[in-house]
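A.B. asks: below is the structure, and that's it, no one-letter string:
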């Protein structure tokens with residue numbers, strides 16, 4: 001099921017500032033598409049640390065990335081300051097959908113959007129596990145817009 005993407009920055013409680021590095025550019029003189037995926041990854045990791053209040057480690061249970069997509073809206077060049085906005089938009093039995101935006105400072109111009117599926121994973125048994133209740137409570141307390149499924 002495809003959910004409409006929420007492009008209103010006010011619906012994102014989690015913000016992660018990041019500086020574009022000179023080495024992120026490619027031969028065309030703009031930030032390479034792989035760098036966008038790394039920026040989004042940095043936003044997801046910061047979100048997990050801040051919202052889940054736990055590090056991402058491959059032991060016990062934690063999240064794994066199952067699917068991701070990125071829509072490029074504008075080129076990005078060095079030097080630049082960007083902000084990665086992240087939110088959980090849906091919670092299922094074993095997975096969560098995360099929406100992200102990359103905004104360019106100082107006017108928060110939209111540079112890219114992303115939607116990813118995160119799976120709550122049991123590393124001991126090597127299979128998906130139900131999203132824990134404690135995490136659902138943390139998401140309810142954190143998100144500016146209540147995720148579907150909560």
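C.D. replies: Nice, thanks for sending it over. Since the model is a prediction, treat every value here as computed from it, not as a measurement.

A.B. asks: and the nearest residue to residue 60 once chain neighbours are set aside, how many neighbours?
C.D. replies: The shortest distance from residue 60 to any residue other than its chain neighbours is 6.3 Å, reached at residue 123 (Cβ to Cβ, 6 or more residues apart in numbering). From N, CA and C alone the C-beta is placed, and that goes for glycine too. Applying other Cβ atoms under 10 Å, we find 14 residues neighbouring residue 123.

A.B. asks: any low-confidence regions in the chain?
C.D. replies: For the chain, applying pLDDT under 70 flags the ranges 1-4.

A.B. asks: ok, 80 please
C.D. replies: By pLDDT under 80, the low-scoring segments of the chain are 1-7.

A.B. asks: list the contacts for the residue most central in space within it?
C.D. replies: Residue closest to the average C-alpha location in the chain (Cα atoms, centre = their mean): residue 44, at 4.0 Å. Counting by Cβ atoms under 8 Å, 6 or more residues apart in numbering, residue 44 touches 65, 86, 98, 100, 116, 118.

A.B. asks: in this protein, where's the longest strand?
C.D. replies: Secondary structure assigned by DSSP state E gives strand 109-122 as the longest strand of the chain.

A.B. asks: picking up where we left off before, would you format the contacts of residue 44 as TSV with neighbour count and distance to residue 22 included?
C.D. replies: Shown next, in TSV, are the contacts of residue 44 (neighbours: other Cβ atoms under 10 Å; distance: Cβ to Cβ, whole Å):
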residue	neighbour count	distance to residue 22
65	15	27
86	25	25
98	24	29
100	25	23
116	19	27
118	23	31
